[in-house]
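[1] the following comprises the amino acid sequence and a computationally predicted model.
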Amino acid sequence: SVDEVEETLDAERPDVVAVELDEGRYRQMRGETPDDLDPGDLLGGNTVFQFLAYWMLSYVQSRMGDRFDIEPGAEQLAAVETAEELGLGVALVDREIDTTIQRFWARLGVVAKFRMLGGLAFGVTDPRVAGVTFGLAAGLVLGPVIGAFGGSVGIGAGVLGVAATAALAALVVGYLATEVVGVTGGGLPGVDADDDLVVGALAGVGAAVFVASSRVGVDLVTGTLGGFPVTALGSLALGVTIGVGVGSVGGDRRECAGARARGRRRGRTRGVRPRGADRR
């Protein structure tokens with residue numbers, strides 16, 4: 001504990017106190033930030049691992065602190081501060097964290113890298129939010145593929161025209177609904193200005209579904225925009241829709257699995273009897 005560290009150092013008074021920290025982690029624990037970075041170095045990739053290390057450390061420390069109601073690294077920090085107060089030498093004896101991260105990253109395969117990034121993303125935020133985010137990113141990549149090769153799988157000009165019109169309707173209706181709710185609160189029971197994004201998203205999805213099912217305005221949009229804009233917008237809309245749909249399902253399944261696992265852990269905890277509880 002922190003008290004034991006302080007008492008031991010005060011009693012022993014060693015010449016040097018060795019602390020299992022490196023310079024970067026020590027500065028991060030002290031609330032300091034990295035040195036000013038040259039944009040050329042950042043673009044060249046020389047400091048990417050430094051940022052990754054700082055982010056990972058902050059994430060791990062905050063999660064541990066929230067879960068166990070402790071301050072990670074408090075003993076090391078107390079050792080440094082006590083040594084400075086007593087005029088003792090301090091040696092940071094751990095390897096630089098960016099070197100460790102570089103070696104760790106280099107040994108990971110491509111699949112393992114994606115799994116690690118996905119695990120971090122699902123751990124940081126709600127799995128459903130992370131799923132939608134990953135789906136959106138995948139959809140942005142899938143869209144151009146649909147535009148280039150969609151014809152070979154039956155996604156022709158008609159489908160792309162409907163998708164483009166539905167996307168435009170969703171954007172326009174969603175934007176208007178967001179603005180109206182943000183200003184007036186929508187005038188609906190239980191709806192206030194803070195719900196503007198949710199209402200806008202629901203209104204946009206509803207408008208897209210209506211246009212896709214009724215084909216209202218498809219001829220107007222395709223005739224006004226022409227071939228290439230319709231193909232580009234329609235393929236992008238289809239890609240994003242597919243990506244977000246798959247990501248939402250995956251995130252929801254992960255959230256359900258996590259909820260079941262938490263329930264099992266709570267059940268096992270309630271079922272454990274203290275040692276000797278049956279003895280009289």
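    Thanks, I have the structure now. If you're wondering where the values come from, they're calculated on a predicted model, not measured in any experiment.
[2] can you give me the strands for this structure?
    Per DSSP state E, the chain carries strands over the ranges 16-19, 89-92.
[3] let's have those in CSV, adding distance to Thr241, mean pLDDT and mean neighbour count.
    Glycine gets a C-beta too; all of them are placed from N, C-alpha and C. As requested, the strands of the chain are exported to CSV (distance: least, C-beta to C-beta, whole Å; pLDDT from 0 to 100; neighbours: other C-beta atoms under 10 Å):
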stretch, distance to Thr241, mean pLDDT, mean neighbour count
strand 16-19, 53, 90, 17
strand 89-92, 52, 89, 14
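[4] what domains does the record give for the chain?
    Following automatic domain parsing, the chain resolves into domains at 2-107, 126-271.
[5] what mean pLDDT does the longest one get?
    When you say that, I think you mean domain 126-271. Domain 126-271 carries an average pLDDT of 73.
[6] please, where are all the helices along the protein?
    According to DSSP state H, the chain carries its helices in the segments 2-12, 23-29, 39-43, 48-68, 74-86, 97-107, 110-124, 127-149, 157-184, 196-214, 218-225, 227-271.
[7] the first one - contacts with which helices or strands?
    I take that to be helix 2-12. Here helix 2-12 touches helix 74-86, going by 3 or more C-beta pairs under 8 Å, 6 or more residues apart in numbering; DSSP states H and E.
[8] which strands and helices sit next to the helix it packs on?
    For helix 74-86, the elements it packs on are helix 2-12, strand 16-19, helix 23-29, strand 89-92, judged by 3+ C-beta pairs under 8 Å, 6+ apart.
[9] show me the strands paired with the second one, marking each as parallel or antiparallel.
    I take that to be strand 16-19. For strand 16-19, the paired strands and their directions (DSSP bridges) read strand 89-92 (parallel).
[10] so which residues make contact with the partner strand?
    With contact meaning C-beta atoms under 8 Å, 6 or more residues apart in numbering, strand 89-92 is reached by 15-19, 21-23, 26, 79-80, 83-84.
[11] okay, now the closest residue to Gly227 other than its chain neighbours: neighbour count?
    In this structure, Gly227 finds its nearest non-sequential neighbour in Ala157, 7.5 Å apart by C-beta to C-beta, 6 or more residues apart in numbering. For Ala157, the neighbour count with other C-beta atoms under 10 Å is 14.
[12] surely Ala157 and Phe228 touch.
    No - in this structure, Ala157 is not within contact of Phe228 by C-beta atoms under 8 Å, at 11.1 Å.
[13] in JSON lines: the strands of the chain, plus distance to Ala74.
    What follows is these, written out as JSON lines (distance: least, C-beta to C-beta, whole Å):
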{"stretch": "strand 16-19", "distance to Ala74": "12"}
{"stretch": "strand 89-92", "distance to Ala74": "16"}
